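In: heads up, no residue letters with this:
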């Protein structure tokens, strides 16, 4: 079974890397800008935002890759549930930051929010570009030769 999971992850690894690399590049740029613009609090906010996006999306993509390989019929349902869980967890993180006003001194909410938005856009664009390069057929023509 581990070889089956390994084969599934090896086939989808280029997709994950194509999304991970731009997100990390944008995240590190946001950390630099946050440090310059808001000092240490901006750097921490941008760093935490980048880690949130990369962590949430990487774990979600890993789970989706396993479901795509083992149960393709459940892929769409599982993808929607994964997205819902990610949004709820992200809202919980933001609510915990808002409930604790002491975090505003150590973490810049503006840097955190802008980094989350920028890294999410970078991750999504990376996935779209990788998907377009894979050229996966949308249907099976049944092997008919023309």
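Out: Thanks, I have it. Given the structure is predicted, the values throughout are model-derived calculations rather than measurements. Numbers count the residues shown, from 1 in each chain.

In: biggest helix in the protein by residues?
Out: If each helix of the chain is counted by residues according to DSSP state H, the longest one is helix 2-70.

In: counting contacts, what elements does that helix pack onto?
Out: Under the contact definition 3 or more C-beta pairs under 8 Å, 6 or more residues apart in numbering; DSSP states H and E, helix 2-70 sits against helix 75-99, helix 103-106, helix 109-134. Every C-beta, even on glycine, is put in place using the N, C-alpha and C of the backbone.

In: now with 6 Å?
Out: helix 75-99, helix 109-134 (3 or more C-beta pairs under 6 Å, 6 or more residues apart in numbering; DSSP states H and E).

In: Contacts made by the shortest one with the rest, please.
Out: By C-beta atoms under 6 Å, 6 or more residues apart in numbering, the list of residues contacting helix 75-99 from outside reads 56, 60, 64, 67, 68, 103.

In: would you list the residues you listed in JSON lines and tack on neighbour count and pLDDT?
Out: Converted to JSON lines, the contacts of helix 75-99 look like this (neighbours: other C-beta atoms under 10 Å; pLDDT from 0 to 100):
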{"residue": "56", "neighbour count": "21", "pLDDT": "91"}
{"residue": "60", "neighbour count": "16", "pLDDT": "91"}
{"residue": "64", "neighbour count": "18", "pLDDT": "88"}
{"residue": "67", "neighbour count": "19", "pLDDT": "89"}
{"residue": "68", "neighbour count": "16", "pLDDT": "84"}
{"residue": "103", "neighbour count": "18", "pLDDT": "82"}
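
In: Out of the helices and strands packed on helix 2-70, the one nearest residue 29 is which?
Out: helix 109-134 (8.2 Å; C-beta to C-beta).

In: Just the buried residues of that closest one, please?
Out: Taking 16 or more other C-beta atoms under 10 Å as the neighbour-count basis, helix 109-134 is seen to contain the buried residues 109, 111-112, 114-116, 118-120, 122-123, 126-127, 130.

In: still on that earlier bit, ok, which of the helices and strands packed on helix 2-70 comes nearest residue 15?
Out: helix 109-134 (4.4 Å).
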